[in-house]
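1. Provided below for reference: sequence and predicted model.
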Amino acid sequence: MSSRSASLFLGTATAIGGNPTLTGPGGTGVSLDDRKIKLAQRLYPLVESIFTESRYYRLRLPLDRFIGAAQRRLPEDQVVDYVVGMESLLAPDTERLETTFRFRLRGSALLPISIFGEVRERIQLLGDLYDQRSRVVHGDATSQDLAKWVPQAENVLRYLLLWYLADLQLRSDPKQVARQLDEQLASGGSAWANPAP
């Protein structure tokens, strides 16, 4: 594990073996202000603990996929890596037929409105990303089609991982998080459907 892993969350470009590797939406240039430096310093020990402490092993797959996608050259591979990482965080407990539904619903609940828009927009984005992954897996997508989805997929997985890292002690098990999130979603839906008189 290197400091590079933590820097991926900043959305910057990093050199690997002398070659630039895009790690931010659209491959933005390196720009570290005080806020980003402090964020990287705070994230580094958290990211490192995912790889070194066994209690966080369930978060290794999504983090590995996030890091690995930044090193890929083909948009198809990047989209698959990002969405598989998302899936391991959003639908670790679901049967194949329910995956898309839970993936969209749980993801839309976790993503911030200030960046990803209203609920309807977040549900649509997650559904589109999952569809793009399915198109790649079934051989029905081209690099040209997928290029626009890579930054969005990266951004979504980044924010999901940041959400987990914000309280790693309580959010180390995606299955437990999924159960709690489903209960909260059902509770909110129940309150809406059955308002108090």
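-> Right, received. Where do you want to start?
2. I'd say residue 58 and residue 177 touch.
-> No. Contact status for residue 58 versus residue 177: not in contact, 9.6 Å apart, counting by C-beta atoms under 8 Å. For every residue, glycine as well, the C-beta is placed using N, CA and C.
3. neighbour count winner among those two?
-> Between residue 58 and residue 177, residue 177 has the larger neighbour count (other C-beta atoms under 10 Å), namely 21 against 18.
4. need the contact list for that one.
-> With contact taken as C-beta atoms under 8 Å, 6 or more residues apart in numbering, residue 177 is in contact with 89, 164, 171.
5. Could you rank those residues by neighbour count and give me the top one?
-> Tallying neighbours with other C-beta under 10 Å puts residue 89 at the head of the contacts of residue 177, with 26 neighbours.
6. ok so it is a strand residue?
-> No. Counting by DSSP: H, G, I helix; E, B strand; the rest coil, residue 89 is located in no strand; its state is helix.
7. All further residue positions should be reported with the first residue as 42.
-> That works, and once the first residue is 42, the last one we named lands at residue 130.
8. Please enumerate the helices of the protein.
-> Assigned by DSSP state H, the chain shows helices spanning 44-48, 75-93, 101-112, 116-131, 137-151, 154-157, 160-178, 184-187, 190-207, 215-234.
9. and those, which is most packed in?
-> Across those, averaging neighbours per residue (mean count of other C-beta atoms under 10 Å) puts helix 116-131 on top, at a mean of 24.
10. returning to what we had before: which of the helices of the chain comes out lowest on mean pLDDT?
-> For those, the weakest mean pLDDT is recorded on helix 44-48, namely a mean of 49.
11. which ones are touching residue 133?
-> 99, 215, 216, 219.
12. In those, find the pair that's most separated.
-> 99 and 219 (11.1 Å; C-beta to C-beta).
13. hmm, back to that, may I see the contacts of residue 218 arranged in TSV, with distance to residue 141 as well?
-> Shown next, in TSV, are the contacts of residue 218 (distance: C-beta to C-beta, whole Å):
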residue	distance to residue 141
130	15
205	21
212	23
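14. What's the separation between residue 204 and residue 130?
-> 9 Å (C-beta to C-beta, to the nearest Å).
15. now do residue 191
-> Residue 191 sits 18 Å away from residue 130, taking C-beta to C-beta as the criterion.
16. what's the answer for residue 162, then?
-> For residue 162, the distance to residue 130 - C-beta to C-beta - is 20 Å.
17. Next: residue 158.
-> Residue 158 is 20 Å from residue 130, by C-beta to C-beta.
18. cool, and residue 176?
-> Per C-beta to C-beta, residue 176 is found 21 Å from residue 130.
19. My guess is residue 84 contacts residue 206. True?
-> Yes. Here residue 84 reaches residue 206: they are 6.4 Å apart, a contact under C-beta under 8 Å.
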